[in-house]
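Asks: Pasting a predicted model and its sequence here:
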Amino acid sequence: MSAAADALSLGRLAAAVVLPHALTTAIAGGTPRWVPAGLFVFAAASDFLDGRLARGAGPVTRHGAVLDNLADVTFVLAASVTGVFVGLVPRVLPIAIVAAFGGYVLASVEQRTRARSRVGHAGGVLNYAVAGLITAAVLAPGVTTRVLVGATADVAAAVNLLAVLERFLPSAPRRAPVPPAAGTRARSPHSSA
């Protein structure tokens, strides 16, 4: 059911398009406060399910993987840019997300495959967490929620920037392990060495 997985990714893209308006009008009181949270729940659930559906249908297609990644980055960018606009997250977060995603795309093209990174994956998870917290801050406004959103956004920005550094800084050369010395003599108390 690759078509079902693609439909979920397309639904996530649609949710990303609607999210900024839903967030800003919910803050202004024109849309029920639960609407942005509902969009987030749909996006998170569709991200969880589309990969499982695609893998269950056979080999994952290149267009499906591209669509999934595009839907993910579009949704978290919609949330984070809106979060900047309404004063919930720092400006560096969307910049860091774009930089990390750009690094991922460049590494994928260079390797001709998806360039996986543990740091990049952690950044993606944190990006979704921030998106969820932004919708939670609209659903249940308060100082505690705002502080939690801001702190999580700071961590997410740092992890995304670390993912960029990880991709573009040369890795440290690995040393060959030093073999244990074979046949070494124990030093004598009278040895000068």
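Replies: That came through, no problem. Just so you know, these numbers come straight off a predicted model, no measurement behind them.
Asks: From now on I want contacts and neighbour counts done on CA atoms only, so please keep to that.
Replies: Noted.
Asks: Any idea how many residues pack against residue 143?
Replies: 10 (other C-alpha atoms under 10 Å).
Asks: in stretch 13-27, what's buried?
Replies: Neighbour-count burial for stretch 13-27 flags 13, 14, 15, 16, 19, 20, 22, 23, 24, 25, 26, 27 (criterion: 16 or more other C-alpha atoms under 10 Å).
Asks: Please identify the helix or strand for the fifth one.
Replies: It stands for residue 19. Per DSSP states H and E, residue 19 falls inside helix 2-28.
Asks: list the contacts for the residue nearest to the spatial centre of the chain?
Replies: The chain has residue 124 as the residue nearest its centroid, 1.0 Å off, counting by C-alpha atoms, centre = their mean. Residue 124 makes contacts with residue 160, as judged by C-alpha atoms under 8 Å, 6 or more residues apart in numbering.
Asks: Next, the angle from the helix or strand containing it to helix 2-28.
Replies: Residue 124 is located in helix 118-139, with elements delineated by DSSP H and E. Counting by axes from the mean of the first three to the mean of the last three C-alpha atoms, to 10 degrees, helix 118-139 points 40 degrees away from the direction of helix 2-28.
Asks: Return the set of buried residues in helix 118-139.
Replies: Buried-residue list, helix 118-139, by 16+ other C-alpha under 10 Å: 119-120, 123-124, 126-139.
Asks: any low-confidence regions in this structure?
Replies: Applying pLDDT under 70 to the chain flags residues 1, 57-61, 112-114, 170-193.
Asks: for it, what spans make up the helices?
Replies: 2-28, 34-56, 62-85, 92-111, 118-139, 143-168 (DSSP state H).
Asks: now residue 154: how far from residue 82?
Replies: 16 Å (C-alpha to C-alpha, to the nearest Å).
Asks: Same check on residue 151?
Replies: Residue 151 is 17 Å from residue 82, by C-alpha to C-alpha.
Asks: For those two, work out which one has more neighbours and name it.
Replies: residue 82 (21 against 16).
Asks: dump the residue contacts of the more buried one.
Replies: Here residue 82 is in contact with 20, 23, 24 (criterion: C-alpha under 8 Å, 6+ apart).
Asks: What degree of burial does residue 87 show, as a neighbour count?
Replies: 12.
Asks: pretty sure residue 32 is touching residue 21, no?
Replies: No. Applying C-alpha atoms under 8 Å, one finds residue 32 not in contact with residue 21, separated by 11.9 Å.
Asks: got a list of what residue 90 touches?
Replies: 84, 150, 153, 154.
Asks: Now that we have these, which of them are buried?
Replies: If we count by 16+ other C-alpha under 10 Å, the contacts of residue 90 have these buried: 150, 153, 154.
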